[in-house]
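Peer 1: Have a look at this fold, sequence not included:
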């Protein structure tokens with residue numbers, strides 16, 4: 001058994017491409033080796049900003065042998081009077097075989113000649129030169145770079161390749177580079193080194209200040225935090241990011257001027273965390289002017305690195321202080337004048353136009369959920385919702401959108417200030433819901449305006465293309481409506497948005513778009529695929545769709561559910577193409593009156609339960625109709641030759657079906673029932 005080493009050395013990769021490589025790399029290698037029938041042991045993946053690759057342990061020296069069966073003529077044609085025919089002789093000659101290598105086997109009811117041969121596996125080192133280029137080129141990168149007159153395209157330009165089994169170089173070419181046993185150390189040392197054996201690679205690289213495994217670099221970062229003596233605010237995302245962007249992370253402690261501590265914490269965190277990738281520290285419950293950074297390289301550089309960090313951070317904070325002082329000369333609403341000059345999107349007017357639409361839509365949503373007494377607060381929050389886009393601070397630090405508006409709204413009602421910040425929560429499927437209803441209302445109105453506006457001009461996401469993050473916006477709308485338990489009809493919101501935009505919105509496209517996101521959200525909440533599909537007809541009332549799905553899931557585990565679905569489906573199938581709800585009780589016979597009487601009794605109970613959003617209770621009432629439906633179909637011939645009776649019965653069943661449709665298209669569950 002041998003060890004195989006692959007390393008691709010290139011320019012620094014973005015974190016997104018590194019994560020792309022790490023997500024499926026091991027699986028792809030394993031599947032490729034399985035297809036080639038090459039046995040192997042553990043696969044160790046390594047990944048740094050400048051290199052990636054793997055070490056395969058216990059790699060078989062060759063493929064497994066394989067048995068090949070080749071079909072020839074039928075037995076009747078292959079033999080004449082017990083002797084090989086010309087057809088069989090031709091088959092043997094073309095395959096360089098003799099009579100001893102064939103066998104007779106049955107296939108598709110007939111008997112045929114088969115040539116059985118054992119094909120000896122090729123040497124692994126002969127297969128790798130063909131395997132590796134295919135494996136490496138299959139990665140999908142967000143923004144691949146081109147070089148060498150555009151001849152090559154990859155995440156970043158490739159500098160060198162190591163390909164070795166034990167101490168032997170296994171040559172192949174990729175992105176214009178030929179595999180060898182040479183690579184380079186950490187960029188700070190920048191020495192070319194030769195790997196004498198695959199087994200020694202990790203130790204040699206460690207001596208060259210390259211820690212190959214992300215997990216080990218992450219531990220180095222956490223140890224650096226732990227041993228810093230500082231009260232570092234926990235930030236797992238930053239730990240992860242630094243472990244991806246440094247080959248040899250080493251801690252650096254620095255300070256910024258205390259005068260900048262007067263800046264709001266979000267401003268300090270944006271400058272330190274987002275712009276400089278430094279950890280924020282505390283003293284007591286307040287942010288400290290000390291920070292913890294990480295350099296990539298030896299500790300001997302710490303003094304210069306600290307000085308560089310401090311210089312940049314102090315300069316950025318000086319700018320932030322100036323921007324805040326300038327902004328505070330005016331009330332928040334003053335900055336709306338600047339929104340008149342900012343384009344929302346081409347053909348969709350200015351940001352101020354959008355704000356006015358959001359205000360109108362927010363008021364309508366507030367009325368829908370019964371918050372008529374808070375209309376003034378909703379209007380005020382909406383009119384100030386984008387004001388901070390006109391401030392100096394947000395212009396320089398876009399990450400602070402909403403946050404600065406909330407801070408600058410110091411003279412407003414606290415709920416208005418909170419709504420300005422929370423209108424951006426949640427971020428699709430990530431993050432918490434707003435803590436207050438006003439933020440939720442503004443958030444829905446803002447997102448629905450953006451969704452409808454983009455659809456109206458043909459900016460509809462397709463594939464991976466979603467430049468305005470409309471998928472996230474739909475997820476956020478659904479989560480807010482379901483999380484706040486708001487019984488709101490999205491069709492009404494879309495209709496109002498359409499009028500406010502003064503543009504036709506492609507309703508079918510928006511419906512399909514929302515259904516796709518709602519299906520994913522329901523399944524994230526434990527709803528099975530078939531139930532999600534059944535309640536999708538309620539897509540426009542997301543909270544009701546969730547309630548119905550949960551009621552069905554609860555009921556389907558109880559005895560008799562399958563028979564109930566079968567009974568209902570008979571009602572649905574026979575009445576679905578009938579277009580009238582009209583019927584007359586005086587035309588019913590005694591058997592029809594039994595179901596009608598119970599239907600009227602349970603209909604009142606179902607509708608009352610639905611009015612109070614008690615879907616579980618309503619569904620139980622619905623299920624009680626099952627024996628009466630069965631008895632009805634046993635004793636009543638719906639498709640009577642008498643037209644008046646036939647139409648009357650179909651009209652009644654149409655009403656019965658309509659009661660069931662409050663829960664979705666339950667007939668779609670029939671296939672699942674039959675498959676069990």
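Peer 2: Structure received. Note that this is a predicted model, so its numbers are computed, not measured.

Peer 1: Just list the residues touching the closest residue to residue 467 other than its chain neighbours, thanks.
Peer 2: Distance criterion C-beta to C-beta, 6 or more residues apart in numbering; nearest residue to residue 467, sequence neighbours excluded, is residue 459 at 7.6 Å. Bear in mind the C-beta positions are built from the backbone N, C-alpha and C, glycine included. By C-beta atoms under 8 Å, 6 or more residues apart in numbering, the contact list for residue 459 reads 345, 467-468.

Peer 1: Also residue 595?
Peer 2: 625, 628-629, 631-632, 656.

Peer 1: What ranges does the stretch 301-450 of the chain have for its helices?
Peer 2: Applying DSSP state H, counting those that start in this stretch to the stretch 301-450 of the chain gives helices spanning 302-327, 336-339, 351-368, 375-383, 392-396, 403-408, 414-422, 437-456.

Peer 1: Nearest to residue 267, out of those?
Peer 2: helix 302-327 (5.2 Å; C-beta to C-beta).

Peer 1: and that closest one, how far out from the chain's middle?
Peer 2: Relative to its parent chain, helix 302-327 has a centroid offset of 36 Å by C-alpha atoms, centre = their mean, to the nearest Å.

Peer 1: what does stretch 166-178 give?
Peer 2: Distance, centroid of stretch 166-178 to centroid of chain: 37 Å (C-alpha atoms, centre = their mean).

Peer 1: out of the contacts of residue 459, which one sits closest to residue 427?
Peer 2: residue 468 (14.0 Å).

Peer 1: which SS class is the closest one?
Peer 2: coil (DSSP: H, G, I helix; E, B strand; the rest coil).

Peer 1: quick one: the nearest residue to it once chain neighbours are set aside from residue 509, how far?
Peer 2: Using C-beta to C-beta, 6+ apart and skipping the chain neighbours, the partner closest in space to residue 468 is residue 454 (5.6 Å). Look at residue 454 and residue 509: by C-beta to C-beta, to the nearest Å, they are 11 Å apart.

Peer 1: what residues do those two have in common as contacts?
Peer 2: residue 460.

Peer 1: out of these two, which sits in the more crowded spot?
Peer 2: The residue with more neighbours, out of residue 454 and residue 509, is residue 454; 21 against 12, by other C-beta atoms under 10 Å.

Peer 1: That one contacts residue 346, correct?
Peer 2: No - between residue 454 and residue 346 there is no contact under C-beta atoms under 8 Å: 11.0 Å.

Peer 1: What count of nearby residues applies to residue 332?
Peer 2: Residues near residue 332, counting by other C-beta under 10 Å: 26.

Peer 1: ignore the last one, residue 581
Peer 2: Residues near residue 581, counting by other C-beta under 10 Å: 13.

Peer 1: and what of residue 83?
Peer 2: When neighbours are counted by other C-beta under 10 Å, residue 83 comes out with 9.

Peer 1: For beta bridges, what are the partners of it?
Peer 2: Taking DSSP bridges as the rule, residue 83 bridges to residue 80.

Peer 1: one step back: and the contacts of residue 459 as CSV, adding distance to residue 152?
Peer 2: Listed next are the contacts of residue 459 as CSV, based on distance: C-beta to C-beta, whole Å:
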residue, distance to residue 152
345, 36
467, 28
468, 33
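
Peer 1: Check those against residue 97 and report the nearest one.
Peer 2: Closest to residue 97, out of all of the contacts of residue 459 and judged by C-beta to C-beta, is residue 467, at 61.6 Å.

Peer 1: And the pLDDT for that closest one?
Peer 2: Confidence at residue 467, expressed as pLDDT, is 89.

Peer 1: same check, this time on residue 672
Peer 2: 53.

Peer 1: and if you look at the one 4 residues further on?
Peer 2: Looking at residue 676, its pLDDT reads 41.

Peer 1: Now for residue 542: which residues touch it?
Peer 2: So residue 542 contacts 477-478, 481-482, 488, 490, 518 (C-beta under 8 Å, 6+ apart).

Peer 1: In space, what's closest to the residue nearest the centre of the chain - neighbours in sequence excluded?
Peer 2: When C-alpha atoms, centre = their mean is applied to the chain, the residue found nearest the centroid is residue 429 (8.2 Å). In space, and not counting its chain neighbours, residue 429 is closest to residue 475: 5.1 Å by C-beta to C-beta, 6+ apart.

Peer 1: Might you report the residue contacts of the one you found?
Peer 2: Residue 475 makes contact with 426, 428-429, 517, 520-521, according to C-beta under 8 Å, 6+ apart.

Peer 1: Kindly report the same for residue 422.
Peer 2: By C-beta under 8 Å, 6+ apart, the contact list for residue 422 reads 402, 434-436, 439-440, 443.

Peer 1: Could I get the residues you listed in JSON lines, plus columns for pLDDT and distance to residue 412?
Peer 2: Converted to JSON lines, these look like this (pLDDT from 0 to 100; distance: C-beta to C-beta, whole Å):
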{"residue": "402", "pLDDT": "97", "distance to residue 412": "14"}
{"residue": "434", "pLDDT": "97", "distance to residue 412": "17"}
{"residue": "435", "pLDDT": "97", "distance to residue 412": "17"}
{"residue": "436", "pLDDT": "97", "distance to residue 412": "13"}
{"residue": "439", "pLDDT": "97", "distance to residue 412": "13"}
{"residue": "440", "pLDDT": "98", "distance to residue 412": "18"}
{"residue": "443", "pLDDT": "98", "distance to residue 412": "18"}
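
Peer 1: List only those of those flagged as buried.
Peer 2: Taking 16 or more other C-beta atoms under 10 Å as the criterion, what is buried in the contacts of residue 422 is 402, 434, 436, 439-440, 443.

Peer 1: out of those, who's nearest residue 141?
Peer 2: residue 402 (31.8 Å).

Peer 1: I'd guessed the closest one sits against residue 424; true?
Peer 2: Yes - counting by C-beta under 8 Å, residue 424 is a contact partner of residue 402 at 5.0 Å.

Peer 1: So residue 572: helix, strand or coil?
Peer 2: Per three-state DSSP, residue 572 ends up helix.

Peer 1: Neighbours of it, how many?
Peer 2: For residue 572, using other C-beta under 10 Å, the count is 19.

Peer 1: where's it relative to residue 619, distance?
Peer 2: Counting by C-beta to C-beta - residue 572 and residue 619 are separated by 16 Å.

Peer 1: okay, now the domains of the chain?
Peer 2: Under the assignment automatic domain parsing, the domains of the chain span 2-62+123-207, 69-119, 214-327, 337-525, 547-675.

Peer 1: about what we covered before: which among the contacts of residue 595 count as buried?
Peer 2: Buried among the contacts of residue 595 (16+ other C-beta under 10 Å): 625, 628-629, 632, 656.

Peer 1: Flag the shaky bits of this protein, pLDDT-wise.
Peer 2: The model of the chain has pLDDT under 70 over residues 671-676.

Peer 1: Recalculate using a threshold of 80.
Peer 2: The chain contains residues with pLDDT under 80 at 1, 100-101, 109, 119, 464, 671-676.

Peer 1: residue with max distance from the center of it?
Peer 2: The chain, farthest from centre, C-alpha atoms, centre = their mean: residue 81 at 68.2 Å.

Peer 1: contacting residues for that one?
Peer 2: Listed by C-beta under 8 Å, 6+ apart, residue 81 has no contact partners.

Peer 1: For it, give me phi and psi.
Peer 2: Here the main-chain torsion angles of residue 81 (degrees, to the nearest 10) amount to phi 60, psi 40.

Peer 1: now it: how far from residue 101?
Peer 2: 22 Å.

Peer 1: in which helix or strand would I find residue 17?
Peer 2: Element membership for residue 17 (DSSP states H and E) is helix 15-35.

Peer 1: re earlier: adding distance to residue 540, write the domains of the chain out as CSV.
Peer 2: As requested, the domains of the chain are exported to CSV (distance: least, C-beta to C-beta, whole Å):
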stretch, distance to residue 540
domain 2-62+123-207, 35
domain 69-119, 53
domain 214-327, 36
domain 337-525, 4
domain 547-675, 12
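
Peer 1: Right, I'll call it a day here.
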